[in-house]
Structures are given as structure tokens and as C-alpha cells.
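K.L.:
Whatever this is, show me its structure:
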Amino acid sequence: MLSMMMTLVLMMGFQDPSGEPSRAAALEEARQQKAENLQQPTRTFLERALHEFKERRLLERFQQGFHGFHPIIGGIRSGSGFGGGTYVETEGFRASGQVSLRGYQKYELRFTTPRVYSDRFFADFRATHRDFPQERFFGIGQNSRKEDQTSFRLEDTNYVARFGFKPAKHVKAGVLAGFLKTNVGSGTYSASPSIEQVFGPVEAPALANQPSYFQKGAFFEADYRDQPGNPRSGGRYAVAWTSFQDLKLEQYDFRQYDIEANHYFPFFNRRRVIAVRAKSTFTQTASGQEVPSSSNRHSAALRICAATGTTDSVTATWLSSTRSIGGRLSLVLISPSSETPDRLLQGQATCASVISKNLME
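P.N.:
Numbering: from 1, shown residues only. Alright, predicted model coming up:
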């Protein structure tokens, strides 16, 4: 019996296995079949759209503009809503216009002479007109309430001429003089009443009669950005003092001090940039003068907003009738495909906002 089983095993072991293909042969046959039926890779609709967008360089062509006109994307200021516009720029001249969905408008002309007599001296002139129809006003003083929120229209036209010198390559300093005309009207913000429906001339000084200012001052700037306008490293630091004299009513003279710092931190081989901006404005009324309710960046009553994370989320606003101080810290992460760092900071694109408390005498 044992010998019979051994005989069967030997017979099975010596059978010819050529009838069954090996694993290597099966894999080789599969490769041959695939090579004979090759198909070109296909993209989805979204992949094709993104590929065409990149290959045609649409973003770069859009930023380059059309026949000298360049786009401006973003709101005019915090709270103005989404907006945009265009600008045209040549050597020594720039004109721009912006509008937003909430009706905000801003128009500006700039003339620059980078060289006066020598490379050490320069001069420039700027004319700006703004129409902001939904500015917020809560009353004057620290006892103002959020429930008293109103809106008003702020219109102003500002002409400023500057003359200065450059003691070093990245440093400039000089003096300025100009004229500021203001006008206040009814606000158009639907969520709150217009200012004249809640406040009178006592609670809102200069509501009926708006002042016109003559301004003079001095400034200092240090600009170490590697590419002004589209920086990837370095920074810009500026301080300015401006005195505003009420020519029309002789009641609202004040002084203003501005401090601003922008710095850019590159990382990932300069393909990403962290842009940081800090800005503070100090204003002080002159002796025996009052504070106009239409105050904005040009007036003694600085509007100070306490934000809850972004500049559009306002929880409290108050005005100081004597001395005020306000500040804002902005942090922006820039990628190569996004807007330039300078434009984002100018458009108040922030992910953090820090506002200081009011200082009373």
C-alpha cells in the first residue's frame, strides 16, 4: 500500500507543467495587452479650466491691465463693502477711481517729481475726493451707546502738496501744505437711522455747518522694501505731524500725529510672505476749540472701533472731545497667486485687529 502511494506521488511530480502559464508570463501578457491599447490621460472639467487659466496667464494679463488701465480689486476702506476700480499710471502721474457696492466712492490724482534740482530733493501733489455714505456715529464721549448708532454721509476734497529731501537712499523727509473741504449729509445705512434723526447740534457739533481746513505739517519715511508695490521682504516706516486750521468757522482747529509701520517676512524660499501692518493716529484739539461730529481720519475726533476679530465686526464706537488715540494691527498671509501685499494692506484685509483705549485728559 505504501509503495502504491509513493508511485502516485512520483507520477504527479513528473507531469509536464507547460500547460499552465507562470505568474511572470501572465504579467508580461497583461503588459503587452495594455501597451497595445494605450489611451491618453483625460482631465475633468475643473482640471481643464485651471490648466487653461494657468497656461494662458490670465491672472498676470489681468493685473497688467488694458491699454494702460489697471484693475483695483477690493473695498475702499473697512466697512465699505466689496468694490473695485481702475487706475492709469505713467511716469510722474497716476489717476484712480474706486466704487463699492455700498455706494462708497474715491477718486484721486497724483503728480510726482522725483527729482528737483538734484536727486536729493523731490516734490509731489495729491488731490483726493471721497464720498462715504454709510459712516457710523454713536455720539460723543465714553458714555455713547451702541443702541444710538446712526449713519451719515461724509464728503471731503483734499489737496496736499509736499516738498522734501532724501538724506539717504531709502529715507525721505519734508514738509506739506494743503486744503481740506468737508461736507456732512444724511446717511444711507438701512440698519440705522440717519444722524440728524437722533442727534442735534449740541450732541453732534458741526453737523449743520462743516469746517474747511488749511493744513500744514512735516513727515518722515524710511522705505526698505525690496520691491515697492509688490514687496517680498523689508518694510516701510512713516511718521507725520499735521496741523489743521479751521478757515471757515474758526472753531475746530486740531493737530494730528500718524505713525505707521509695514513689514514683510518671506518664507518657503520667498514664495510666501507674511505682511504685518501697525498704525496709530493721535489727535488733539487746539485750545478753546471743539470737535466736529463728522470726524474721520482728518479730524480731531478719531473714530475708534473695538473689533471682535475682523475690522468689519464692530462692537463699540466712541468719540473723544479732548484727546484720542487709536491703533490697528493687521496680519496678512500672502501667496504668489493672491493680490500684492501692499494692496491687501491698503484694502484693510486683516485677520487680527487690535484697538487701543481712549485716553482722556
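
K.L.:
Give me the distance between residue 89 and residue 60.
P.N.:
17 Å (C-beta to C-beta, to the nearest Å). In this view, the C-beta of every residue, glycine as well, is placed from N, C-alpha and C.

K.L.:
ok, the two, which is more surrounded?
P.N.:
Each of residue 89 and residue 60 has its neighbours counted (other C-beta atoms under 10 Å); residue 89 has more, 14 against 8.

K.L.:
partners of the helix or strand hosting the more buried one, with directions?
P.N.:
Here residue 89 sits within strand 83-90, counting by DSSP states H and E. Here strand 83-90 is paired, per DSSP bridges, with strand 69-73 (antiparallel), strand 93-100 (antiparallel).

K.L.:
export the last one as PDB, just CAs?
P.N.:
It refers to strand 93-100. In PDB, the C-alpha atoms belonging to strand 93-100 read as follows (Å, rounded to 0.1, in the frame of the first residue of the first chain):
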ATOM      1  CA  PHE A  93       1.300 110.800 -12.900                       C
ATOM      2  CA  ARG A  94      -1.400 108.500 -11.500                       C
ATOM      3  CA  ALA A  95      -5.200 108.700 -11.700                       C
ATOM      4  CA  SER A  96      -7.500 106.300 -10.000                       C
ATOM      5  CA  GLY A  97     -11.200 105.700  -9.300                       C
ATOM      6  CA  GLN A  98     -13.000 103.300  -7.000                       C
ATOM      7  CA  VAL A  99     -16.600 102.400  -6.100                       C
ATOM      8  CA  SER A 100     -18.100  99.800  -3.800                       C
END
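
K.L.:
helix or strand right after it?
P.N.:
Later in the chain than strand 93-100, the nearest helix or strand by DSSP H and E is strand 105-113.

K.L.:
what mean pLDDT would you report for that next one?
P.N.:
Average pLDDT, strand 105-113: 94.

K.L.:
what lines up beside the helix or strand just after it in the sheet?
P.N.:
Using DSSP H and E, the helix or strand that follows strand 105-113 in sequence is strand 121-137. Paired strands of strand 121-137, with direction, are strand 105-113 (antiparallel), strand 150-168 (antiparallel) (DSSP bridges).

K.L.:
buried sites along the shortest one?
P.N.:
Of the residues in strand 105-113, those scored as buried under the neighbour-count criterion (16 or more other C-beta atoms under 10 Å) are 105-108, 110.

K.L.:
okay, the residues you listed in a markdown table with distance to residue 265 next?
P.N.:
Output for these, formatted as a markdown table (distance: C-beta to C-beta, whole Å):
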| residue | distance to residue 265 |
| --- | --- |
| 105 | 35 |
| 106 | 30 |
| 107 | 34 |
| 108 | 30 |
| 110 | 29 |
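
K.L.:
for the residues you listed, which one is nearest residue 285?
P.N.:
Nearest to residue 285, judged by C-beta to C-beta, of the buried residues of strand 105-113 is residue 106 at 27.0 Å.

K.L.:
show me the contacts for the closest one.
P.N.:
Residue 106 sits next to 76, 85, 96-98, 128-131 when contact means C-beta atoms under 8 Å, 6 or more residues apart in numbering.

K.L.:
In ChimeraX, how would I select just the buried ones from those residues?
P.N.:
Buried residues among the contacts of residue 106 (16+ other C-beta under 10 Å), as a ChimeraX selection:
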select :76,85,96,98,128,129,130,131
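
K.L.:
Find the pair from the contacts of residue 106 with maximum spatial separation.
P.N.:
Longest span within those, C-beta to C-beta: 96 and 131, 14.6 Å.

K.L.:
Please report the separation between the first and final residues of stretch 229-239.
P.N.:
End-to-end distance of stretch 229-239 (C-alpha to C-alpha, to the nearest Å): 19 Å.

K.L.:
Give me the average confidence score over it.
P.N.:
Per-region confidence: stretch 229-239 scores 89 on mean pLDDT.

K.L.:
Show me which positions of that stretch end up buried.
P.N.:
231-232, 234-238.

K.L.:
try stretch 152-171
P.N.:
152-160, 162, 164, 166.

K.L.:
what distance separates that stretch from the centre of its chain?
P.N.:
Offset of stretch 152-171 from its chain centre (C-alpha atoms, centre = their mean, to the nearest Å): 19 Å.

K.L.:
what does stretch 207-220 give?
P.N.:
25 Å.

K.L.:
What of stretch 94-111?
P.N.:
15 Å.

K.L.:
Check stretch 37-44 too.
P.N.:
That offset, for stretch 37-44, works out to 44 Å (C-alpha atoms, centre = their mean).

K.L.:
could you give the mean pLDDT of it?
P.N.:
Per-residue scores along stretch 37-44 average to 80.

K.L.:
That one: end-to-end distance?
P.N.:
End-to-end distance of stretch 37-44 (C-alpha to C-alpha): 21 Å.

K.L.:
and that stretch, which residues are buried?
P.N.:
By 16+ other C-beta under 10 Å, stretch 37-44 has no buried positions at all.

K.L.:
Stretch 172-188 too?
P.N.:
Neighbour-count burial for stretch 172-188 [16+ other C-beta under 10 Å]: 172, 174, 176, 178, 180-182, 184-185, 187.

K.L.:
and that stretch, C-alpha only, in PDB?
P.N.:
What follows is stretch 172-188 as a C-alpha-only set of coordinates in PDB (Å, rounded to 0.1, in the frame of the first residue of the first chain):
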ATOM      1  CA  LYS A 172      12.900 110.900   2.900                       C
ATOM      2  CA  ALA A 173      11.700 113.800   5.000                       C
ATOM      3  CA  GLY A 174       9.900 117.100   4.300                       C
ATOM      4  CA  VAL A 175       7.000 119.500   4.800                       C
ATOM      5  CA  LEU A 176       3.500 119.600   3.500                       C
ATOM      6  CA  ALA A 177       0.700 122.100   3.000                       C
ATOM      7  CA  GLY A 178      -2.900 121.700   1.700                       C
ATOM      8  CA  PHE A 179      -6.600 122.400   1.900                       C
ATOM      9  CA  LEU A 180      -9.400 120.200   3.100                       C
ATOM     10  CA  LYS A 181     -13.100 120.900   2.400                       C
ATOM     11  CA  THR A 182     -15.700 118.700   4.300                       C
ATOM     12  CA  ASN A 183     -19.400 118.200   4.000                       C
ATOM     13  CA  VAL A 184     -21.800 116.100   6.000                       C
ATOM     14  CA  GLY A 185     -25.200 114.800   4.900                       C
ATOM     15  CA  SER A 186     -27.800 112.100   5.600                       C
ATOM     16  CA  GLY A 187     -26.600 108.500   5.800                       C
ATOM     17  CA  THR A 188     -27.900 105.700   3.700                       C
END
